[in-house]
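> generate coordinates for the sequence data below:
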Amino acid sequence: MLNFMSIQSINPYNNQLIQEYNELSERDAEAAIGKGERAFYKWKQTPFSDRAKLMHNCADLLERKVEYLAEVITREMGKIKSESISEIKKCAWVCRYYADNSETFLKDELLPVVEANSYIAYDPLGIVLAIMPWNFPFWQVFRFAAPNIMAGNVGLLKHASNVPQCALEIENIFLEAGFPENVFQTLLIKSDKISKMIDDPRIKAVTLTGSDIAGRKVAERAGINLKKLVLELGGSDPFIVLGDADLDQAVKTGVKARMINCGQSCIAAKRFILEKKIADDYLNGYLDYFQQLTIGDPWDENTDVGPMARDDLRKDLDNQVKRSVSEGAKIIYGGNNSDLKGYFYMPTIMVNVRQGMPAFDEELFGPVAPFIVVEDGDEAIQMANKSQFGLGASLWTRDIERAGKWARQIESGSVFVNSMVASHPMVPFGGIKCSGYGRELSHLGIREFMNIKSVWINK
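Numbering: from 1, shown residues only. Coordinates of the predicted model:
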């Protein structure tokens, strides 16, 4: 099968084609797997100290090239420049975190067995195939790559097809940092080649960040092949504001939690659940902040909201909004009425949202904030749990003791009290229900793709 031009990088701010790339042939993809397998047998024997030096080199490069790499992100997927810079800096952080801690996380653990000398050993599995999304095109990759490469695994990246430049720049970072060739490879392929790659016995594990639809397909294929899998899928994170909350801070944080990356984040606040006694005050404050947002050029330091990453995503979001309105929801601000040239969707506030509407049941991946009013905290928790998703939740109250009890009742992978949901290198990240399974980050994340081996030695 011959190579052919098929993967395009398009600037979502002006709809202009940046560059077009050759998709790898099936033969090239198979060859890359072979290279990865050979690299693994050498890399897994490399001492942690040597791996750590190279991972620190990665962090140094990311920090040194932060302006350039941020420009690549902004040009290719529309994230405002300040957020792109923050993303690159966060990647450097996770590289340093695992460079400094991986050996401790994976050291042998003695077991209190009387009959024998027994311990747990953590051995790398081999090639991990990473299927990554476009919304945080560097961070999503580095939070997979830093722990796995430090652990002795090697990585094959199938990135989203609309961010090929980001994908290639990441591979270049690893090579420039001094990592052996093929320890990390970027494969410019489309989704139709993924199944065959998962079938390949040389691929030992798969990690996917993306939609629940994509997750089901990959999980089915990985299941057929009995391969370890981590899924970080969609979310419809509740942002719960109770009657005793600090409203000013809850409003300010709520706007940021909804609008970060133009609302295109799995852990963005997507359902605002308000206790009735403060609902009007909160909504009025929220509306005031929305009216002050500047929409436009993502390169401009004064811009708060840039374009969405692709036109099809914008159309899907608008369809969800329109279907919700047809079922009784009401738009009190915004809607798809932008006259800007790029893939813009105006920040939108919807009220009268209830279960059964797309704005409640589905993930709104864009700058739309649905509001639900409840009578009290108990109903707020019930409403938060009436979702197929369970990635993160934010709970706002001054009653910290009560917050701790309610946090245990919320069905999600994480609960942040008086703060927005965020990912942090030291904190396990992942969800339940249709938001996936497995964990990234922290000591748990680095162990996901290890053989947790029990060793028993008779005395």
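> mind giving me the domain split of this protein?
4-233+435-458, 237-425 (automatic domain parsing).
> just the helices in the stretch 351-459 of the chain please.
Assigned by DSSP state H, counting those that start in this stretch, the stretch 351-459 of the chain shows helices spanning 358-361, 377-385, 400-409, 442-447.
> quick check: longest helix of this protein.
If you go by DSSP state H, the chain has its longest helix at helix 81-105.
> give the next helix or strand downstream of that one.
For helix 81-105, the following helix or strand on the C-terminal side (DSSP states H and E) is strand 109-110.
> so in that sheet, which strands flank that next one, and in what orientation?
Strand 109-110 pairs in its sheet with strand 116-124 (antiparallel), by DSSP bridges.
> what's the model's confidence in the partner strand, averaged?
For strand 116-124, mean pLDDT is 97.
> contacts for that strand, please.
Outside strand 116-124, the residues within contact range by Cβ atoms under 8 Å, 6 or more residues apart in numbering are 40, 44, 106, 108-111, 151-153, 447, 449-459. Quick note: C-beta positions are derived from backbone N, CA and C, even for glycine.
> ok, 10 Å please
For strand 116-124, contacts defined as Cβ atoms under 10 Å, 6 or more residues apart in numbering pick out 40, 43-44, 102, 105-113, 148-154, 204-205, 446-447, 449-459.
> can you check stretch 14-28 too?
Counting by Cβ under 10 Å, 6+ apart, 1-11, 29-32, 72, 75-76, 158, 161, 164-165, 167-168, 186-190, 192-193, 196-197, 297, 307, 311, 340-343 sit against stretch 14-28.
> just stretch 192-203 next, same as before
By Cβ under 10 Å, 6+ apart, stretch 192-203 touches 23-26, 29-30, 32-34, 36-37, 40, 125-129, 131, 156, 158, 187, 189, 205-206, 208, 214, 217-218, 220-225, 227, 229.
> which of the residues you listed fall within helices?
Per DSSP H, the contacts of stretch 192-203 map to helices at 26, 29-30, 32-34, 36-37, 40, 214, 217-218, 220-224.
> list buried members of those residues by neighbour count.
Among the ones in helices among the contacts of stretch 192-203, those buried by neighbour count (16 or more other Cβ atoms under 10 Å) are 29, 30, 32, 33, 36, 37, 40, 214, 217, 218, 221, 222.
> between these, which is closest to residue 242?
The closest of these to residue 242 turns out to be residue 214 (Cβ to Cβ; 35.1 Å).
> ok, and the closest non-adjacent residue to the closest one?
Spatial nearest neighbour of residue 214, excluding adjacent residues (Cβ to Cβ, 6 or more residues apart in numbering): residue 208 at 6.5 Å.
> next, count neighbours for residue 344.
For residue 344, the count of nearby residues is 23 (other Cβ atoms under 10 Å).
> that one belongs to a helix?
No: under the criterion used here (DSSP: H, G, I helix; E, B strand; the rest coil), residue 344 is coil, not part of a helix.
> distance check, the residue lying closest to it once chain neighbours are set aside against residue 15.
If the residues on either side of it in the chain are set aside, residue 344 comes closest to residue 338, at 4.0 Å by Cβ to Cβ, 6+ apart. Remark: distance between residue 338 and residue 15 (Cβ to Cβ, to the nearest Å) = 13 Å.
> check residue 406 too.
On the measure of Cβ to Cβ, residue 406 and residue 15 end up 46 Å apart.
> again, but for residue 117
For residue 117, the distance to residue 15 (Cβ to Cβ) stands at 65 Å.
> where does this structure dip in pLDDT?
Applying pLDDT under 70 to the chain flags the ranges 1-5.
> quick one: residues contacting the spatially most central residue of it.
Taking Cα atoms, centre = their mean, the centroid of the chain lies closest to residue 140, which sits 5.3 Å from it. The contact partners of residue 140, by Cβ under 10 Å, 6+ apart, come to 87, 91, 130, 132-134, 159-160, 166, 207, 209-210, 232, 266, 423, 440.
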